[in-house]
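Participant: Coordinates for the following, if possible.
(2 chains)
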Amino acid sequence: DAGITQSPRHKVTETGTPVTLRCHQTENHRYMYWYRQDPGHGLRLIHYSYGVKDTDKGEVSDGYSVSRSKTEDFLLTLESATSSQTSVYFCAISGRDVGLYGYTFGSGTRLTVV
Amino acid sequence: KNEVEQSPQNLTAQEGEFITINCSYSVGISALHWLQQHPGGGIVSLFMLSSGKKKHGRLIATINIQEKHSSLHITASHPRDSAVYICAVRRPDNTDKLIFGTGTRLQVFP
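Facilitator: Sure, this is the predicted structure:
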């Protein structure tokens, strides 16, 4: 979907290094989310945002931080990557603030921590 | 126990068969979503339901709020329907967060 893009699509990084994933949307929605997807688990919420500089923790937030300085960008940072953070990361947006209750997902970022 | 349970976890079918995937949930919800994920692919929203039934092409989704249960049906299945189908529920608060099931992997053979 052209309304939301994630970068990079793939990344391999070493244990202990910081990593930043970017989610960019062109829909001007306030609600943005970062999820991770692992085998045997449903998608799990890492952090979410209701607007610029308004973020909150999800169920698996340890080791992650986020920033939202502009409506269109939601950044996820792994402060010091660990092998347990090897996963596929999805960003999503919700149009709840404009009465649209559907979700749109990015294409995902496959992160491997070695 | 997961708050959202899907069954079966894996499903194989021959082309043309009628497919049913089930989702049960144990929490209050404001809506239920059915999502599709192709191998190595992104996640696409198929349906959002708060009551009754919706149809789109060969896909039909139903929900029974009293029984906390939803089903996704695929009529005249085709190999291109092979994907993981994910059920997710939205809590009745102002967070718009979703709780996901672990998905049903469907393979349709010609």
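
Participant: all contacts plus neighbour counts: C-alpha atoms, from now on.
Facilitator: OK.

Participant: List the buried residues for stretch A:26-44?
Facilitator: Residues of stretch A:26-44 classed as buried by neighbour count (16 or more other C-alpha atoms under 10 Å in any protein chain shown): A:28-37, A:42-44.

Participant: Surely B:Ile60 is in contact with B:Gly52?
Facilitator: No: counting by C-alpha atoms under 8 Å, B:Ile60 does not reach B:Gly52; the two are 10.7 Å apart.

Participant: And the residue nearest the centre of chain A, what's its pLDDT?
Facilitator: Most central in chain A under C-alpha atoms, centre = their mean is A:Trp34, positioned 2.9 Å from the mean C-alpha point. A:Trp34 carries a pLDDT value of 97.

Participant: which residues touch it?
Facilitator: Residues in contact with A:Trp34 (C-alpha atoms under 8 Å, 6 or more residues apart in numbering or on different chains) are A:45-48, A:76, A:89-92.

Participant: So what are the sheet partners of the helix or strand B:Lys53 falls within and their directions?
Facilitator: Here B:Lys53, judged by DSSP states H and E, is contained in strand B:52-56. Strand pairing for strand B:52-56, using DSSP bridges, gives strand B:59-64 (antiparallel).

Participant: mind listing what's buried in the partner strand?
Facilitator: For strand B:59-64, burial by neighbour count (16+ other C-alpha under 10 Å) applies to B:59-63.

Participant: right, and out of those residues, which lies closest to chain A?
Facilitator: Distance ranking of these against chain A, using C-alpha to the nearest C-alpha, places B:Ala61 first at 15.3 Å.

Participant: which ones are touching the residue nearest to A:Tyr89 when sequence neighbours are not counted?
Facilitator: Using C-alpha to C-alpha, 6 or more residues apart in numbering or on different chains and skipping residues adjacent in sequence, the residue nearest A:Tyr89 is A:Arg36, 4.4 Å away. Neighbouring residues of A:Arg36 by C-alpha under 8 Å, 6+ apart: A:43-46, A:87-90.

Participant: want to throw those residues into CSV with pLDDT?
Facilitator: Converted to CSV, these look like this (pLDDT from 0 to 100):
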residue, pLDDT
A:Leu43, 93
A:Arg44, 95
A:Leu45, 95
A:Ile46, 97
A:Ser87, 97
A:Val88, 96
A:Tyr89, 97
A:Phe90, 97
